[in-house]
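S.K.: only geometry, no sequence info:
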């Protein structure tokens, strides 16, 4: 039985002036599956994610969400899509002027029209899911550590129970222990929600832990895709070089 | 065409090419700013509004600007009285100090000084705040959370600007006139009651209204320039710093330009 992909990118191109960043990305993720996209610095991972989210518009190609073409739609179709997705940004991107609970409950308060009392209860409940106590709810993002900010960002991404969650470099800037804890939370929460996940990273430990499938983006195209268990036997020189972190090989270091 | 042919022999760019490039860049900037202004105004005057954001911005722009506006106004009023007294004494017109002080403050100086002070304090501040949000992906985060930055960030600042500037200008007018009164009565020998009566007798509603009309426009200019430059801020501390500088300089220049334009229109209409 074939399942319709929840998100599908078809031949997506994106350039900035003369610089071609995406040169024909084909990618899809099925409901409930976790796909990790690997790629070096400057390979176009973040641009691909922003196109998928509708924060950028591709120059060419199509993006489908649940079978609906959302490539250039900025209206109600796009809003309906965004109501069904969550996003954890690389820097967490918490709003400085709001408290932790207001950050988590932002969508509930501003898009769903939930009452503040109910939204705060739901935010605190979600904080517990990411192993944070209610004592941080009234702090501002500047008053908590980087690891806690990532957890709050994760809580904000999952609070509205999305069907698809994007993770942009979820472990960047964290120590290995905190990074592993974040990876555990990502796996636990996406499974609990039954949500699909697309993560972009160059952290192999993170990729191995959270992926059902792994894809490799190089020079604006997906050059390999396979089950996470096959990553060490991909038969692709580019993937091998990346997985083993070698300077020598077909990929030139971004110096 | 080779680079050599587009440059003068001295190695400097061809002046015509430079002029053409600069003109196109300026027109592009005017176009982008106009579209941004139209979008912000569209979001400001149609639902949905964010009242808590509007009140927060009114406090930030209006209430926290009171000290700087009050201090600027009192010194401008005092200096104006001294200069009018000094100049007027050359042809025996010292008695017109109250009249000219109130006219100068309400029609011109109160609103212009308030506008320029807020271009520095508020426009640059908005640009730095929005710019920091842009480079830390907070604006992208807003969009993914189904909030439109024009409605959530820019419209509240625009509405706060056009609502609070007139209030600040009224306060600046009163404090500026009192600055002139203080210098005139304490240092120049004017009788307090006579000074205030002359001021009130000479003042017309049109004088105050002219300042308030300008204040609404200046409030919009200050907020829009701050939001626009913050929104297109490039990454890093340099990008945010540059956005703040452009916002402040742009707002100050536009305030002076609009001041002249509005004065011309209102004088033509007899105000």
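M.R.: That came through, no problem. Note that the structure is a prediction, hence the values are computed from the model and not measured.
S.K.: Quickly check: stretch A:97-116 near chain B or not.
M.R.: Yes - Stretch A:97-116 comes into contact with chain B (CB under 8 Å from any CB of the partner chain), by way of A:97, A:106, A:107, A:110, A:111. Where C-beta positions appear, they are placed from N, C-alpha and C, glycine not excepted.
S.K.: how about JSON lines for those, with secondary structure added?
M.R.: Below are those laid out as JSON lines (DSSP: H, G, I helix; E, B strand; the rest coil):
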{"residue": "A:97", "secondary structure": "coil"}
{"residue": "A:106", "secondary structure": "helix"}
{"residue": "A:107", "secondary structure": "helix"}
{"residue": "A:110", "secondary structure": "helix"}
{"residue": "A:111", "secondary structure": "coil"}
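S.K.: May I see the ChimeraX selection of the buried members of those?
M.R.: In ChimeraX, this line selects whichever of these come out buried by 16 or more other CB atoms under 10 Å in any protein chain shown:
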select /A:106,107,110
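S.K.: Just put the residues of stretch A:97-116 next to chain B in CSV and tack on pLDDT and distance to residue A:6.
M.R.: Converted to CSV, these look like this (pLDDT from 0 to 100; distance: CB to CB, whole Å):
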residue, pLDDT, distance to residue A:6
A:97, 92, 33
A:106, 97, 23
A:107, 96, 19
A:110, 92, 25
A:111, 90, 20
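S.K.: Residue A:31: what secondary structure?
M.R.: Going by three-state DSSP: residue A:31 is coil.
S.K.: tell me which of the residues of stretch A:97-116 next to chain B is nearest to residue B:174?
M.R.: Closest approach to residue B:174 among the residues of stretch A:97-116 next to chain B (CB to CB): residue A:97, at 32.4 Å.
S.K.: For the closest one, give me its contacts.
M.R.: Applying CB atoms under 8 Å, 6 or more residues apart in numbering or on different chains to residue A:97 gives the contacts A:140, B:56.
S.K.: which residues touch residue 39?
M.R.: Unless you meant another one, I'm taking chain A. Residue A:39 neighbours (CB under 8 Å, 6+ apart): A:45, A:200, A:202, A:216, A:217, A:218.
S.K.: looking at chain B here, not the other one
M.R.: B:150, B:154.
S.K.: So residue A:215 sits against residue A:25, correct?
M.R.: No - contact between residue A:215 and residue A:25 fails when scored by CB atoms under 8 Å: they sit 9.5 Å apart.
S.K.: So if I had to pick from those two, which one is more boxed in?
M.R.: With neighbours defined as other CB atoms under 10 Å in any protein chain shown, residue A:215 and residue A:25 compare such that residue A:25 has more, 26 against 23.
S.K.: sec struct for the more buried one, please.
M.R.: Residue A:25 is classified as strand under three-state DSSP.
S.K.: how much space between it and residue A:240?
M.R.: Computed as CB to CB, to the nearest Å, the residue A:25 to residue A:240 distance reads 22 Å.
S.K.: Would you mind listing the two of the residues of stretch A:97-116 next to chain B that lie farthest apart?
M.R.: Farthest pair in those (CB to CB) is A:97 and A:111. Separation: 18.1 Å.
S.K.: which residues are in contact with stretch B:123-139?
M.R.: The set of residues external to stretch B:123-139 that reach it, using CB under 8 Å, 6+ apart, is A:89-91, A:93-96, B:60, B:149, B:153, B:157, B:222-223, B:225-227, B:229-236, B:239-241, B:243-248, B:250-251.
S.K.: The same query, at a cut-off of 7 Å, please.
M.R.: Applying CB atoms under 7 Å, 6 or more residues apart in numbering or on different chains, the contact partners of stretch B:123-139 are A:89, A:91, A:93, A:95, B:149, B:153, B:157, B:222-223, B:225-227, B:229-231, B:233, B:235-236, B:239-240, B:243-244, B:247-248, B:251.
S.K.: Same question for stretch A:60-79.
M.R.: Residues contacting stretch A:60-79 (CB under 7 Å, 6+ apart): A:4, A:6-13, A:51-52, A:54, A:57-58, A:81, B:146.
S.K.: Show me which of the contacts of stretch B:123-139 are buried.
M.R.: The neighbour count (16+ other CB under 10 Å) marks A:89, A:91, A:93, A:95, B:149, B:153, B:157, B:222-223, B:225-227, B:229-231, B:233, B:239-240, B:243-244, B:247-248, B:251 as buried among the contacts of stretch B:123-139.
S.K.: Among the residues you listed, name the ones in helices.
M.R.: Mapping those onto helices (DSSP state H) picks out B:149, B:157, B:222-223, B:225-227, B:229-231, B:239-240, B:243-244, B:247-248, B:251.
S.K.: Wait, residue A:95 touches residue A:103, no?
M.R.: Yes - using CB atoms under 7 Å, residue A:95 is in contact with residue A:103, at 5.6 Å.
S.K.: any residues in contact with both of those two?
M.R.: With CB under 7 Å, 6+ apart, residue A:95 and residue A:103 have no common neighbours.
S.K.: Chain A: strands as residue ranges?
M.R.: With DSSP state E as the criterion, chain A has strands at A:7-16, A:19-29, A:34-38, A:60-65, A:68-69, A:85-88, A:164-168, A:196-201, A:213-218, A:221-227.
S.K.: Buried residues of the longest one, list them for me.
M.R.: What that stands for is strand A:19-29. So strand A:19-29, judged by 16+ other CB under 10 Å, has buried residues A:21, A:22, A:25, A:27, A:28, A:29.
S.K.: where's the last one relative to residue B:239, distance?
M.R.: Here the distance between residue A:29 and residue B:239 works out to 34 Å (CB to CB).
S.K.: now do the second one
M.R.: The spacing between residue A:22 and residue B:239, counted by CB to CB, is 24 Å.
S.K.: could you point out which element follows the helix or strand encompassing residue B:116?
M.R.: Residue B:116 belongs to helix B:110-118 when assigned by DSSP states H and E. Using DSSP H and E, the next helix or strand after helix B:110-118 towards the C-terminus is helix B:124-135.
S.K.: which residue is nearest the centroid of chain B?
M.R.: residue B:115 (3.2 Å; CA atoms, centre = their mean).
S.K.: dump the residue contacts of that one.
M.R.: B:218, B:255.
S.K.: State the distance from it to chain A.
M.R.: Applying CB to the nearest CB, to the nearest Å, the value for residue B:115 to chain A is 26 Å.
S.K.: Then residue B:98?
M.R.: 45 Å.
S.K.: which non-adjacent residue is nearest that residue?
M.R.: In space, and not counting its chain neighbours, residue B:98 is closest to residue B:198: 4.0 Å by CB to CB, 6 or more residues apart in numbering or on different chains.
S.K.: Can you tell me what sits against the one helix or strand that neighbour maps to?
M.R.: Element membership of residue B:198, judged by DSSP H and E, is helix B:192-202. Helix B:192-202 has contacts (CB under 7 Å, 6+ apart) with B:98, B:99, B:102, B:177, B:181, B:184, B:185.
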